[in-house]
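K.L.:
turn this into a model:
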Amino acid sequence: MKLFAQKEAEEFVKTGAREFRFSRDVRLTPGGKDVLTESGIKVVFDAGVEPPAPSAAAASAPSTPNDLQLFNYAEAQRIKEEICDIGRRIWAREYCDGNGGNISCRIGPDRFIVTPTGVSKGFMKPEMMSLVDGKGNQLAGKMKRSSEFTTHMAIYNATAEAVSVCHAHPCHAGAFAIKELAPPPRLIPELEVFVGQVAVASYETPGSPEIAASIAPLAPTHQSIIMGCHGVICWGKSIEDAYFKMEITDAYCRTVILAQSLPGSASIPGDKLGDLLAMKKQLGLPDNRFDLKTAELGEVDPWTQMCGQHGCSSPVTPFHPMTNPGAPAENEALVQRITDEIVAQLNK
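P.N.:
Okay, here's the model as predicted:
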């Protein structure tokens, strides 16, 4: 039996064929099938077809001795190990299910270390990482790089300060994502200083040029971006920094979701928000509100934004409080009617 795995599938893709036929004499691995289908190749089982002949196709892209040296350098090894560690933290916090999510890190001019496709973020190993150039060509690594790296490149190209990009599917931020709703600002100082306003990009097919184009203009002033009906993508000045943006974003979304069921509507005043933005500017972090005046910073009430305009049809909030089954007047009328019936019976 011939094994047709990811490597063989990548070589088959280079032949330009649009259909792959195989029989019982061929064992097509899940990774190999993913490569074929993601490349638009139709996979057909045909009991009478001969096993495919070995291909002598080249690697994914020409790599130079410098690329291989860079990929195996001690610093590159440290980065691979750190990516695996962050992947385990993402998986442990349930920010990803299955093989969801991806992480990358800029290691040199136009060179990036990228996580593999089809692997749980909780069980990655350094040898699974790949070296990729700015056009998405894989230069080194045994496993295929993440198909969503093109979205990462939109951030790297738009933001010179971005060293690492982290994409995941945390549940609480994901709740905002499936409504294409930005979490309201001015509720927790940590988000204002270390993340800022969380932007929202409308849904586009994951890994497509369209989603990359929607992310690019937001990245320079937003380190955390909700991807409509998909998840969250964050960038940072280190691998851990990018992950921190993700963790802070989801914790904030979780707190907002819990808080909307409680009475009250407090928020950080607009004039106090200016102090937080000044702290942020000193830290060298980007924000799209640096040029706004105090009145503009506090112009929109966060709870009105969250509940009055975009909430569920009947959210439990200060603006839509939970009510008793019957209004007081209705209850009094019911009591009076019952009393009258009892008195009428007694007078008979």
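K.L.:
in the stretch 1-150 of the chain, which spans are strands?
P.N.:
2-4, 19-22, 26-28, 42-45, 102-108, 111-114, 130-133, 138-140 (DSSP state E, counting those that start in this stretch).
K.L.:
nearest spatial neighbour of residue 141, chain-adjacent residues omitted?
P.N.:
residue 130 (2.9 Å; CB to CB, 6 or more residues apart in numbering). (Each C-beta comes from the backbone N, C-alpha and C, glycine too.)
K.L.:
tell me who's in contact with the one you found.
P.N.:
Residues counted as contacts of residue 130 (CB atoms under 8 Å, 6 or more residues apart in numbering) are 113-114, 116, 138-141, 143-145.
K.L.:
quick one: buried ones out of the residues you listed?
P.N.:
113-114, 116, 138-141, 143-145 (16 or more other CB atoms under 10 Å).
K.L.:
helices along the stretch 201-348 of the chain, start to end?
P.N.:
Counting by DSSP state H, counting those that start in this stretch, the stretch 201-348 of the chain has helices at residues 209-215, 239-259, 270-282, 294-297, 302-303, 328-346.
K.L.:
comparing those helices, which yields the minimum mean pLDDT?
P.N.:
Of all those, the minimum mean pLDDT falls on helix 328-346 (a mean of 73).
K.L.:
what packs against that one?
P.N.:
Helix 328-346 sits against no helix or strand, with contacts defined as 3 or more CB pairs under 8 Å, 6 or more residues apart in numbering; DSSP states H and E.
K.L.:
got the CA coordinates for that helix in CSV?
P.N.:
Extracted in CSV, the C-alpha atoms of helix 328-346 (Å, rounded to 0.1, in the frame of the first residue of the first chain):
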residue,chain,number,x,y,z
PRO,A,328,-48.4,46.4,40.3
ALA,A,329,-51.7,47.8,39.0
GLU,A,330,-52.6,44.4,37.4
ASN,A,331,-51.8,42.6,40.7
GLU,A,332,-54.0,45.1,42.7
ALA,A,333,-56.9,44.6,40.3
LEU,A,334,-56.6,40.8,40.6
VAL,A,335,-56.6,41.0,44.4
GLN,A,336,-59.7,43.3,44.3
ARG,A,337,-61.6,41.0,42.0
ILE,A,338,-60.9,37.9,44.1
THR,A,339,-61.9,39.9,47.2
ASP,A,340,-65.2,41.0,45.6
GLU,A,341,-66.0,37.4,44.6
ILE,A,342,-65.4,36.1,48.2
VAL,A,343,-67.6,38.9,49.6
ALA,A,344,-70.3,38.1,47.1
GLN,A,345,-70.3,34.5,48.1
LEU,A,346,-70.5,35.3,51.8
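K.L.:
distance between that helix and the chain's centre?
P.N.:
58 Å (CA atoms, centre = their mean, to the nearest Å).
K.L.:
ditto for stretch 163-182
P.N.:
With CA atoms, centre = their mean, you get 4 Å for stretch 163-182.
K.L.:
enumerate the positions of it that are buried.
P.N.:
163-170, 172-177, 180-182.
K.L.:
now swap in stretch 238-248 and tell me
P.N.:
Buried, per 16+ other CB under 10 Å, within stretch 238-248: 239, 241-248.
K.L.:
just the CA trace of it, in CSV.
P.N.:
As requested, C-alpha coordinates have been extracted for stretch 238-248 and formatted as CSV (Å, rounded to 0.1, in the frame of the first residue of the first chain):
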residue,chain,number,x,y,z
SER,A,238,6.5,40.0,21.3
ILE,A,239,4.8,36.6,21.2
GLU,A,240,3.6,36.9,24.8
ASP,A,241,2.5,40.5,24.2
ALA,A,242,0.3,39.4,21.3
TYR,A,243,-1.2,36.7,23.5
PHE,A,244,-1.7,39.2,26.4
LYS,A,245,-3.9,41.3,24.1
MET,A,246,-6.0,38.2,23.4
GLU,A,247,-6.3,37.4,27.1
ILE,A,248,-7.2,40.9,28.1
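K.L.:
all good on my end, thank you.
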